[in-house]
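**Student:** okay, here's the prediction I keep looking at, along with the sequence it came from:
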Amino acid sequence: MSLISRIKSDQVTARKARDPKSTLLTTLLGEAAIIGKNAGGRETTDEEVVAVVKKFLKGIDVILLHNPQDDQAKIEEAILKDYLPQQLDKGELAELITLHCIQMGYSEMRQMGKVMKFMNETYAGQFDGKEASALVKAFLSA
């Protein structure tokens with residue numbers, strides 16, 4: 001099941017149950033669906049939906065920065081995080097980068113782009129890009 005289909009299903013369930021989270025899911029669904037519609041009437045990809053969820057989370061981070069006691073923002077944050085892919089921890093990320101570099105024989109900084117391209121294609125949305133970049137630099141400069 002695609003991520004947008006999952007959000008649609010959750011939104012319908014929330015609406016039927018008169019759950020207040022249906023409003024957030026309706027807004028999220030609208031923002032995500034418009035991306036695919038604007039790109040030729042196709043369905044929005046999971047990667048694009050994840051990008052929309054992250055955009056919503058950045059807005060909530062700003063709210064929580066100014067008002068850390070905002071319970072509604074905390075609830076919305078928890079709901080949205082449920083739609084993000086499981087994140088790799090630093091150890092797993094380092095292991096994947098090291099393994100890929102060894103398998104491909106990468107040992108020079110000029111090959112960093114190839115490593116990052118592989119990580120982004122294979123594990124999109126599952127890691128922090130800055131953290132991965134630092135780990136690749138550390139491996140290739142060793």
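**Tutor:** Sure thing, it's come through. Numbers count the residues shown, from 1 in each chain.
**Student:** what about the helices in the protein?
**Tutor:** Along the chain, the stretches classed as helices by DSSP state H are 3-16, 21-38, 46-66, 71-81, 90-104, 112-122, 129-140.
**Student:** so which elements touch the longest one?
**Tutor:** Here helix 46-66 touches helix 3-16, helix 21-38, helix 71-81, going by 3 or more CB pairs under 8 Å, 6 or more residues apart in numbering; DSSP states H and E. The way it works is simple: take the backbone N, C-alpha and C, and place the C-beta from them, glycine included.
**Student:** buried set for the longest one?
**Tutor:** When you say that, I think you mean helix 21-38. Of the residues in helix 21-38, Lys21, Ser22, Leu24, Leu25, Leu28, Leu29, Ala32, Ala33, Ile35, Gly36 count as buried by neighbour count, 16 or more other CB atoms under 10 Å.
**Student:** before we move on, what about the last one?
**Tutor:** Within helix 71-81, the residues scored as buried using 16+ other CB under 10 Å are Ala73, Glu76, Glu77, Ile79, Leu80.
**Student:** can you put the residues you listed in TSV and add distance to Gln103?
**Tutor:** Putting the buried residues of helix 71-81 into TSV (distance: CB to CB, whole Å) gives the following:
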residue	distance to Gln103
Ala73	43
Glu76	41
Glu77	38
Ile79	39
Leu80	35
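**Student:** one step back: export the helices and strands packed on helix 46-66 as CSV, with columns for distance to Thr45 and mean pLDDT.
**Tutor:** Listed next are those as CSV, based on distance: least, CB to CB, whole Å; pLDDT from 0 to 100:
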stretch, distance to Thr45, mean pLDDT
helix 3-16, 8, 95
helix 21-38, 7, 94
helix 71-81, 18, 95
